[in-house]
Structure formats: C-alpha cells, structure tokens
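1. Have a look; sequence and predicted model below, questions after that.
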Amino acid sequence: MTTLVRLVTPLVWRVPGHGARKLFGFARAEQGSRIDLLQAARLTTSLGRRAQYLRHAADETRHAALFARRSTELRTDAGKAGYGPPIADTEDLFERLGEVRFLAFVHRGEARGRRQFEVYAQHFASRGDVRTEQLFRGILADEARHEDYTRTLLVELTGSEEAARTELRRAALWEAWRTWRRAGRAIAGLVFALAMSVVYLVAAPPTALVSRLGRGRTRRQRRQRYLSL
Amino acid sequence: MSAVLGISGTYHDAAAALVVDGHVVAAIQEERLSRHKNDPRLPFHAAEACLAYAGLAAAALDRVVFYEQPFDKLERVLVSTLEVFPRSLRQFPRAMASQLGDKLWVMDQLAERLGVDRAKVTAVEHHRAHAASALFVSPYERAAVLTVDGVGESVSTGLWRGDGRELTPLGRIEYPHSLGLLYAGLTAYLGFEVNEGEYKVMGLAAYGEPRFRDELAKLIRVEPDGWFELDLSYFGKLANADLGFGPKLEGLLGPRRPPYAPWDLSTERDQRYADIAATLQLVTEETLLALAREAQRRTGFDALCLAGGVALNAVANARLAKEAGFRRVFVQPAAGDAGGALGAAILGALELGDPRPGPLTTAALGLPADAAAAMALAGELGFSVKRSDDIHTVIAERITRGEIIALCTGRFEWGPRALGQRSILADPRDPDSRERLNRAIKRREPFRPFAPAVLADAAARYFPGAPDDMTPFMTTVCPCPDQAFAAVRHVDGTARVQTVTTATPALYAILEAMRAQSGHPVVLNTSFNGAGEPIIASEVDALAFLLSHPIDGLVVDDVLITKRPG
C-alpha cells in the first residue's frame, strides 16, 4: 500500500486544485474521527480510557483545523474561497463495534495515516513546500502516539498480544466487508438511478403537460385554500 | 393517562420529545447526543435518552407519533418533481432514492428500533405538529397560530385557530410558494449554508439598506391579506435541491457570493450583499405581518403563537409583537423542525385524553450534567478542580475581571439557543471579550452579534419592551439604547435578549451576583459550542471543549475547572 502511495503521490498532488481538496478531505476525516472518539469517551466504562480518548479527540480537533487552514490557504492562493468548516459524517463506530473492535479499527487507521503522511511529508520536502511538509510532520508525531496507545489499550483489553493481533485481523476483515458493502450500495444506487430515470422519462411529460394546462385553475384553488378550508 | 413519544427527523434537525400524563418530561435534539450538527437521522439516541430520563421502557409507551405523514410527502415530492420536466431529471432519482429507500418506511423503522408495537406508531400532519408545539405550551388558552417554514408534506404556511385543546385550520399556502424557501434560496445566494445560515442572513441584514425592493418584488408577490406567490422561474429548488435558486436570480441580483469567502463589509461588493440581506429581511417581515394581521382578523384573538423555521427569525418576531395587532406573542425555543417532535407528542397525548400541558417556563428539557463525573475526569486530565459553595459569585467575579467562563449546569436546553444551562458567559460591556470570543473560540463572521441575558426584573431598564413572552427563550429582539453594552449590542441598536427568572436558577444566581458586583445584572451569553459543532450536552463534551479552546474556566454545576492552578 505504501509503495502504491509513494508511486501515485507525485502525480495526484500535481493535479490543479487537488491539493486543497485532499487536505480538506483529511480535515473532514479528522473531524469524523473526533466525533467517534467523543462517543467513545462518553460510553467507555473506564475513567482512564475516557481521558485518553478525550486527549486523542483534542488532537483530532487540532489536526482538522490545521488541514482546513492549509486547504484554505491553497484555495486563496488560487484566487478561490475555502471549503468552509470541515463537517463530517459519522458511523457511531464505538456503539456498533464495541470498545475492543473500535480500538483495533482506530489503531489500524492511525497506522495507515502515519505511513501515508510520511510519504506526503517526504514528497513536499522534495518539492520545497516547507509549510505543507511541516504540517504533515507535526501531525505524524501525534499519529505515532495514537498508534502506540491504542495498541497498548488493545493488548490490555484483550489480555494478550496474540488476542490483540486476532482483533486487528478481525478489524481488517470488517473494513473489507464495509468496503464491499459500500461498493454494493454504490452499484445498487446506479441501477436504481437508471431505473428511476426511465420512470421519469415515461411519467414526467404527461404530468408536466397536465400541470401546465391546469395552472390557472390550480392557482384559483390554491388561493381558495388560503381563504377558507 | 399516557406516555407519548414524539419524533421528528429524516430531513434536518431530528428530535424526540416525551409527554407523560400531559406533562412535557423531556425534549432532546439528536445532534446533542450524536455530536453531528443538525443531525437529520431518526433520533434513536434522543428517544432512548428521553425514556431513560423518565425511567420508562419503550414498551410502556402508549403511542409514538411521527411529525409528518410520509405518504403525503411522497405524493408531493413525486408531483412537484414530475411537473417541472425536464429540469428535474437529475433530482428525480435522488429524491426517489431518499423517499422510497428510507423516508417512506419511517414508522416501521421506529417500531422496530424502539421495540414498540407497530399499531402504536402513528403520524400527524407536519404543520399541525408545528402549531401544536407552539400553542399547547404557550401561556394562552386561545390564540391565533401561524406556522411558516420551507415545506411540510405540501403546506408551507398555515393559519390556525387555537382554542383550548382544539386546533382548527383556517387557511394554508402550499409548496412551492414558501417564505422558507425564499429565505433559503437567498441564503444560498448569499453564500451561506441552507438550514444553517439563515440566522447569519438576519445578522447581516442590520448592516445593509433595503434598496433591492423592486428586484425582490419580482420574486414574491404578497396580497394585502397575506397570501403570496413566488415567481418560480427564479428558484432552482424544484430542479436543483442543492442550490435553491436558478440562473435567473443571478441575472436579477448579480452573481452569487462564493460560499465561505471572508466577509469585508467595507467593500462595495459585500455591502451590496448586505443590502440584499436587508431587503430580504424586510420583505420577510412584511409578509409575516400581513399573514399575522390576517390571522388576527380571522380569529379575533389577542394572542399569537408562531412556529416553523421562519419563526426563529427573532427580528421579524419583534415586529410582529409590535405591529401585527396582537397584545401578546409567543415563540417556543425549538420553533424549527425539531419542535415538531414536541407538537407530535402533545397531539398524541391529547388524543389519548390527557390534559393540555402547562405553559413552558424553561427550555431545560435535556439530560443533566454530572458534576462528580466531571471532577473525576478533570482530575484524570490534570486540570485544576475546585468545588465552591458560592460558585455563582466566583463566576461573576471572574466575568467582571474580563474572563470567559463556560457553564454546564442542570439539564441542557431544547432548541438552538443556549439559555444558561450550556452557555459561554462574558462581560457584556467589554468589546475585548467579544473580540476574543469571536477570534479564538467561536470563529464567526464579524457581523454576527452576541446576545445578553438579564434579570427579568431589571430587563426594562436596559432593554425597553422586555420582558415579554418570548424573551425567556431568546426568540425576539429588543432595543438596547445603552451603548456601554457594546459586546451585546448589534449595529442596529438591538439585542436578542434573554430575560432570566428563577426558572433558570444558575444563571439567575450569577446575574444576582453580577448585580451585586458591577451594579448591572447583565451578562453576554453565547452558546457553548465550537465553530460548526452542536451545543455541548454532557460534562464529557464540556471537558473536550476545554481541552481544545482557550476559555478561562469551565463550571459544571458547583465545580470550577481550569487548565492551570489558581
């Protein structure tokens, strides 16, 4: 995966407008992660873990702000307005997965993020873009810390390294299943859209015609429904 | 006697409200618990929280009432998209996916997820739910009721006669002719997010001159009796739900403002947008006035209740109170779609024979904060923690010194306003406090005002006209002649004031302490949330906020938490 990122990175970041869009995407991802961690902090039964999740959420808040700010700077340099505040969708992961699987999921995400950001930091260093390089380097340190503490908690909660590894494999399977389901939904959405477009092309012209013919009458009826019911 | 759960959702700002034996026991917006601003998803967290607060199991519910008729809505969506062929080609599949895939089965989903017999799940008409949410918790036995929003099933505006337990429809205006959609379309044109930026337009309007009356007269034609029609050729709502206006509008008013571009009202360009906002606000006020006068003429009543998203326009509400011919006006704190849950629950309870609820005296209908849990967690996070017997005096002292204090006490509020349970408080006379709040904490547009809270018994001295039936819930504005209150005085010399009585005990005590210390029982009160986030719900959210924002202190009930000792 890292090799692929390394190969693709120089190409994709050069696409005009892509950098700002991608950074904003990271801001949204960090914001989504923050919401999940806040839910974890509310729902966990351990005071110590609650504090850890809150500190992690605070880091994600800062990361989201940093990514959004850099994205806006790039947009402004290109003569455009920023994308606004990073609003994220959430999946209620803690509630759905339970604490152990949630930790495994977060750990995998942090590890993936760290590897990806290392490549990006090197890329921007080679391009002489110090601001964006420093952005990734600053966040990298946090990602490594998050990776460590989630791993430690995972071992603590599962009882052994072996059991933690099993949970990480299960989390990977769950992610693959989620990707499969998302792909299925996307395909079903396309088929549905096609079918509905056909329905539309058949049903809409007569409906529109009837509506236009009756416009004067419906206006009178509308006025009447205001005057008395 | 019965237990009825009201539900609103699937469009924006979902909520649940629980009425037991005719009493409003709890009312909660889903966003507060999911932490997803304006969360539209069915409010299962909120429903479970309402039930848990009341100590009820879902099986004990006599009825679950949804705030909208799903099949009526489907019919309107179908007809309105088909009849604008071919412009709605792209919108139709999306609309059908949303309606057929999800919204049509909402009552089955509620029954299944809550574990309630499907026969107990019913639905009421959207605007009836709005009307009920206003009338049945108002201080009036009899009132005219006006419901105005974007659209319910097919109605955008409703006139009602409210008498005791009865709500009788008197007249209606149907989609797509909608004051809410006019406001939403121009909100999008001005570069704000629809269903979120409307109150920003209201704040911006004070900076402009209403010099686009001729142009806006082309968008909406209002009869003297309040009936109005939009010229739909200017609105893309039917064909482009994302945008809300069509190219013809840009032909009339000039190019739209790019979303999220920084505001600079010293430029001609942004001043022009402020002038458009001012004209829109004026047109909205005049349309509402015509509707309200007609409602008064038809009912002969001296009191008016308002509900629907447009009823959150505090500036318009102030004009209605003054000019519509009513002696009293009431707008409940969650007048938008969330409020539909409350109306639905009350309608269900009335149908089951329960008494009408008493007047709403407080918006604190959410879940309580837990000071002991906050102390333990703050200690774990390494914060300084101090419990105080006289916490309100401590808060007042700190605010008077120029500090910004976040308050998380009691049950959180119902509706979009922080009313002293989840508030950030500061000195209302200190422009530096406002500047610091805006720059470091709220990150808001420079034209958006902060609001004051004042003791009700002293309100008239600072804000002529206050208190009235709306000021406890911050749903109106009053003049603020004293320029010393610079941090809460809007550029047009008004303030969106909250009057405080013992019904809001913590804020009341803080204001008493402010009076003792500074001579003025007035405080700047803004919502306890970060930019783009819902208002804080629990003490955990409050501590997360403290971790990420430069406030001077957090108070959870009687516990002061600061980042540094001292």
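-> Cool, got the structure. No experiment lies behind these values; they were computed from the predicted model shown.
2. Could you use CA atoms for every contact and neighbour count after this?
-> Noted.
3. and the gap between B:I510 and A:R127?
-> Using Cα to Cα, to the nearest Å, B:I510 is found at 56 Å from A:R127.
4. So between these two, which is more surrounded?
-> A count of neighbours by other Cα atoms under 10 Å in any protein chain shown puts B:I510 above the other of B:I510 and A:R127, at 25 against 11.
5. a helix runs through that one, doesn't it?
-> Yes - assessed with DSSP: H, G, I helix; E, B strand; the rest coil, B:I510 lies in a helix.
6. Is it in contact with B:E397, as I believe?
-> No - at 9.6 Å, B:I510 and B:E397 do not qualify as touching, with contact defined as Cα atoms under 8 Å.
7. quick one, longest helix in chain A?
-> Counting by DSSP state H, the longest helix found in chain A is helix A:161-213.
8. Not counting the next helix-or-strand element following that one itself, show me its contacts.
-> Using DSSP states H and E, the next helix or strand after helix A:161-213 towards the C-terminus is helix A:215-227. Applying Cα atoms under 8 Å, 6 or more residues apart in numbering or on different chains, the external contacts of helix A:215-227 come out as B:170-174, B:227.
9. Ok, stretch A:141-156 next?
-> The contact list for stretch A:141-156, computed with Cα under 8 Å, 6+ apart, reads A:56, A:59, A:100, A:103-104, A:106-108, A:110-111, A:113-114, A:161, A:163-164.
10. Going through those, which ones are buried?
-> Buried members of the contacts of stretch A:141-156, counted by 16 or more other Cα atoms under 10 Å in any protein chain shown: A:56, A:59, A:100, A:103-104, A:106-108, A:110-111, A:113-114, A:164.
11. Identify the residues contacting the nearest residue to B:E31 once chain neighbours are set aside.
-> Leaving aside its sequence neighbours, B:E31 sits nearest to B:D39 (Cα to Cα, 6 or more residues apart in numbering or on different chains; 5.0 Å). When contacts are counted by Cα under 8 Å, 6+ apart, B:D39 touches B:12-14, B:30-31.
12. Share the number of residues neighbouring B:R76, please.
-> B:R76 has 17 neighbours, counted by other Cα under 10 Å.
13. Kindly report the same for B:L289.
-> The tally of other residues near B:L289 (other Cα under 10 Å) stands at 24.
14. My guess is it contacts B:A321. True?
-> No - B:L289 lies out of contact with B:A321 (Cα under 8 Å); the separation is 9.6 Å.
15. Let me see the contact set for the closest residue to B:P40 other than its chain neighbours.
-> What sits nearest to B:P40 in space, not counting adjacent residues and going by Cα to Cα, 6+ apart, is B:H12, at 4.1 Å. Counting by Cα under 8 Å, 6+ apart, B:H12 touches B:38-41, B:195, B:337.
16. For the residue most central in space within chain A, which residues are in contact?
-> Chain A has A:A29 as the residue nearest its centroid, 3.6 Å off, counting by Cα atoms, centre = their mean. Contacts for A:A29 (Cα under 8 Å, 6+ apart) come out as A:64, A:88.
17. any idea which of the contacts of helix A:215-227 is least confident?
-> Lowest pLDDT among the contacts of helix A:215-227: B:E174, with 94.
18. tell me the contacts of it?
-> A:222, B:151, B:154-157.
19. count of neighbours near the closest residue to it other than its chain neighbours?
-> Nearest non-adjacent residue to B:E174, counting by Cα to Cα, 6+ apart: B:V155, 4.3 Å away. B:V155 has 23 neighbouring residues, counting by other Cα under 10 Å.
20. Kindly report the same for B:A52.
-> 14.
21. With the one 5 residues further on instead?
-> B:A57 has 13 neighbours, counted by other Cα under 10 Å.
22. dump the residue contacts of it.
-> Counting by Cα under 8 Å, 6+ apart, B:A57 touches B:L51.
23. Residues in contact with the least confident helix or strand in chain B by mean pLDDT: which ones?
-> None of the helices or strands of chain B scores lower by mean pLDDT, DSSP states H and E than helix B:431-436, at a mean of 86. Contact with helix B:431-436 is made by B:402-404, B:426-427, B:450, B:486-487, as judged by Cα under 8 Å, 6+ apart.
24. Contacts only, for the closest residue to B:L104 other than its chain neighbours.
-> Nearest non-adjacent residue to B:L104, counting by Cα to Cα, 6+ apart: B:P70, 5.3 Å away. The contact partners of B:P70, by Cα under 8 Å, 6+ apart, come to B:103-106, B:153.
25. Swap in 10 Å and give it another go.
-> Taking Cα atoms under 10 Å, 6 or more residues apart in numbering or on different chains, we find B:P70 in contact with B:99, B:103-107, B:123-126, B:153.
26. how close does B:A290 get to B:K103?
-> Remark: distance between B:A290 and B:K103 (Cα to Cα) = 34 Å.
27. pLDDT score for A:G216?
-> Reported pLDDT for A:G216: 67.
28. cool, and A:T3?
-> What the model reports for A:T3 is a pLDDT of 78.
29. That one touches A:E118, doesn't it?
-> No - look at A:T3 against A:E118 with Cα atoms under 10 Å: they stay out of range, at 11.8 Å.
30. quick one: which of the two has more around it?
-> Set A:T3 next to A:E118 and count neighbours by other Cα under 10 Å: A:E118 wins out with 17 against 10.
31. From chain B, how far out is that one?
-> Noted for A:E118: a distance of 25 Å to chain B, by Cα to the nearest Cα, to the nearest Å.
32. wait, that residue sits on A:T2?
-> Yes - judged on Cα under 10 Å, A:E118 makes contact with A:T2 at a distance of 9.4 Å.
33. so how far is the longest helix of chain A from its chain's centroid?
-> Its chain's C-alpha centre and that of helix A:161-213 lie 18 Å apart, by Cα atoms, centre = their mean, to the nearest Å.
34. Stretch B:500-519 now?
-> Stretch B:500-519 sits 24 Å away from the centroid of its parent chain (Cα atoms, centre = their mean).
35. Which SSE is immediately downstream of the helix or strand of chain A with the lowest mean pLDDT?
-> Within chain A, no helix or strand scores below helix A:2-12, which has a mean of 76 by mean pLDDT, DSSP H and E. Using DSSP H and E, the helix or strand that follows helix A:2-12 in sequence is helix A:18-43.
36. got the angle for that following helix vs helix A:2-12?
-> Here the directions of helix A:18-43 and helix A:2-12 differ by 130 degrees (axes from the mean of the first three to the mean of the last three Cα atoms, to 10 degrees).
37. for the record, mean pLDDT for helix A:18-43?
-> Mean pLDDT, computed over helix A:18-43, is 95.
38. Check stretch B:140-157 too.
-> If you average the pLDDT over stretch B:140-157, you get 97.
39. So which bits of it are buried?
-> B:140, B:142-157.
40. show me the contacts for the residue nearest to B:A188 when sequence neighbours are not counted.
-> Nearest residue to B:A188 in three dimensions, chain neighbours excluded: B:V194, at 5.9 Å (Cα to Cα, 6+ apart). Neighbouring residues of B:V194 by Cα under 10 Å, 6+ apart: B:181, B:183-188, B:242-244.
41. do you know how far B:V194 is from B:V283?
-> For B:V194, the distance to B:V283 - Cα to Cα - is 18 Å.
42. cool, and B:R41?
-> 33 Å.
43. And for A:G19, the neighbour number?
-> By other Cα under 10 Å, neighbour count at A:G19 equals 18.
44. does the residue nearest to B:A188 count as helix, strand or coil?
-> Of the three states, B:V194 takes coil according to three-state DSSP.
45. Quick check on it: phi, psi?
-> Here is the backbone geometry of B:V194 (degrees, to the nearest 10): phi -70, psi 140.
46. For the contacts of helix B:431-436, give me JSON lines that also has neighbour count.
-> Formatted as JSON lines, these follow (neighbours: other Cα atoms under 10 Å in any protein chain shown):
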{"residue": "B:G402", "neighbour count": "18"}
{"residue": "B:E403", "neighbour count": "18"}
{"residue": "B:I404", "neighbour count": "24"}
{"residue": "B:A426", "neighbour count": "29"}
{"residue": "B:D427", "neighbour count": "28"}
{"residue": "B:F450", "neighbour count": "21"}
{"residue": "B:A486", "neighbour count": "19"}
{"residue": "B:A487", "neighbour count": "24"}
